[in-house]
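1. Prediction below, plus the sequence it came from.
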Amino acid sequence: MLASNSLVIEQNLEFFHSTNIPVFLDSVEHRVVKNRENVTFFNLSSIPQKFARDCSISLFRGYTVTSVTLQLTFHMGFSQVALFGCDHHFVTDGPANKTFNAGETDPNHFHPKYFADGVKWDLPDLLGSEHHYDLADKMSSHFGRRIYNCTEGGNLEIFERKALAHFLSM
């Protein structure tokens, strides 16, 4: 589990304090999340337009948790990564990165209660995300690694598409 957005971390503190699965969180949140064996904190840099291959010092937000995840998977040495459920489409409209109060249901994510019932979340910056996805794809390709979009449908066309069943059988 990875979270880089302070609103997501704040609104899910109970989960982060009770889970035993590996958790990766923005180091700014070390003051609110208990430091435990399964929790790893990372440092986010404010320098834009970068892709960190070595995340031991810092990595870059890249407008989306997926960008942070791709940097960590590169750092961890994964040679092939599958994105699953990343449709890159949002119904809710408004200025990028604006904090928004969710409605009763969430039309933007894989589950109608993902961001729902009035929780706060930040509207996406799709162009900024695409730029960082492109950086991740180019960096991975340069080092002989691959990122595949295994999502059925959706609007994310930066990564090569591959059926999830085909990816899992490789």
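-> Thanks, I have it.

2. Figure out how far the longest helix along the chain is from the centre of its chain.
-> Counting residues, the longest helix found in the chain (DSSP state H) is helix 126-142. Its chain's C-alpha centre and that of helix 126-142 lie 13 Å apart, by CA atoms, centre = their mean, to the nearest Å.

3. Who are the packing partners of that helix?
-> With contacts taken as 3 or more CB pairs under 8 Å, 6 or more residues apart in numbering; DSSP states H and E, helix 126-142 sits against helix 65-75, strand 146-149. (C-beta placed from N, C-alpha, C; glycine too.)

4. elements contacting the first one?
-> To tie it back to what came earlier, the one meant is helix 65-75. strand 2-3, strand 59-60, strand 80-83, helix 126-142.

5. my guess is P124 contacts G94, does it?
-> No. The criterion here is CB atoms under 8 Å, and P124 misses it with G94 at 9.6 Å.

6. So between these two, which is more surrounded?
-> P124 (19 against 11; other CB atoms under 10 Å).

7. Can you pull the residues that touch both of P124 and G94?
-> Common contacts of P124 and G94 (CB atoms under 8 Å, 6 or more residues apart in numbering): none found.

8. returning to what we had before: could you dump the helices and strands packed on helix 126-142 to a markdown table with distance to S140?
-> Output for the helices and strands packed on helix 126-142, formatted as a markdown table (distance: least, CB to CB, whole Å):
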| stretch | distance to S140 |
| --- | --- |
| helix 65-75 | 7 |
| strand 146-149 | 5 |
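
9. now these in JSON lines, with mean neighbour count?
-> Below are those laid out as JSON lines (neighbours: other CB atoms under 10 Å):
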{"stretch": "helix 65-75", "mean neighbour count": "21"}
{"stretch": "strand 146-149", "mean neighbour count": "20"}
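
10. between the ones you listed, which one is nearest to A82?
-> strand 146-149 (5.1 Å; CB to CB).

11. Keeping just the C-alphas, turn that closest one into CSV.
-> The C-alpha coordinates for strand 146-149 follow below in CSV (Å, rounded to 0.1, in the frame of the first residue of the first chain):
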residue,chain,number,x,y,z
ARG,A,146,8.7,-2.3,-19.3
ILE,A,147,5.5,-0.7,-17.9
TYR,A,148,2.3,-2.2,-19.3
ASN,A,149,-1.2,-0.8,-19.1
